[in-house]
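Colleague: Compute the structure for the input listed below.
(one chain, ligands or ions: 2)
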Amino acid sequence: MIRPILRHGAEVLHAPAAPVVDVTPDVQTLIDDMIQTMYAAPGIGLAATQVGVAKRIFVADISVGRNAADLVAFINPEFVERDGMQLEDEGCLSVPGFNATVARPSRVVLKGLDRHGHEQTIEGTGLLARCFQHEMDHLDGMVFVDRLRGLQKDLIVRKIKKLARLGKW
Ligand code: GNR
Ligand code: NI
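Modeller: Ligands and ions are numbered 1, 2, ... in the order given. Modelled structure (predicted):
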């Protein structure tokens, strides 16, 4: 089932999510729905908070369905390594129509559970590293706009507020 994606301003997007205690069938259904929702959008990642669930779960596929091996689901992910630096353009399904350059480490290693509840450790570089960090931010209640400073941030926040006021957000 495709679930609606919440937009910047929805409370659950701006609060930290709680760890998953048990990988129950409900969690597996949620992950299946998140994968469908990510592909339908289309996007390269999706965090549970974006579909209104305050749990530490995300899915990612930088091939957007072209390569089955690229699909990743993480439950309770944690950083084990982070190094380097990359400056690239970033967008978010919860902030449609906006993008900005965000500084991120160029390589990360994440550890957590897969969708069956088994431990997994995955390394990401380049776009995958960026995607992993973007989704980790979502689990901590942070959206890429929160990583911006000064005029760039103010401009996007101001435009979102205006759209919301006009009922176009
Ligand atoms: O689809 C997405 N593209 C993207 C591009 C650059 C950096 C991060 C991303 S993640 C985003 C999907 C999304 O909002 N995930 O939370
Ligand atoms: Ni996002």
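Colleague: Please count neighbours and contacts with C-alpha atoms only from this point.
Modeller: Will do.
Colleague: what does the chain put close to ligand 1?
Modeller: 43-47, 90-94, 130-131, 134-135 (C-alpha under 6 Å from any ligand atom).
Colleague: hey, which strand is longest across this structure?
Modeller: strand 72-83 (DSSP state E).
Colleague: What lies in contact with the very next helix or strand once past that strand?
Modeller: On the C-terminal side of strand 72-83, the nearest following helix or strand under DSSP states H and E is strand 86-91. Here strand 86-91 makes contact (C-alpha atoms under 8 Å, 6 or more residues apart in numbering) with 98, 99, 100, 101, 102, 103, 104, 105, 106, 126, 144.
Colleague: rerun at 10 Å
Modeller: Strand 86-91 has contacts (C-alpha atoms under 10 Å, 6 or more residues apart in numbering) with 43, 97-107, 125-127, 129-131, 134, 143-145.
Colleague: just to revisit the earlier point, what lines up beside the longest strand of the chain in the sheet?
Modeller: According to DSSP bridges, strand 72-83 forms sheet pairs with strand 57-60 (antiparallel), strand 107-113 (antiparallel).
Colleague: which of the residues of the chain next to ligand 1 sit farthest apart?
Modeller: Maximum pairwise distance in these, criterion C-alpha to C-alpha, is 16.4 Å, between 94 and 130.
Colleague: thinking again about what came up before, out of the strands paired with strand 72-83, which is the most enclosed?
Modeller: strand 57-60 (a mean of 26; mean count of other C-alpha atoms under 10 Å).
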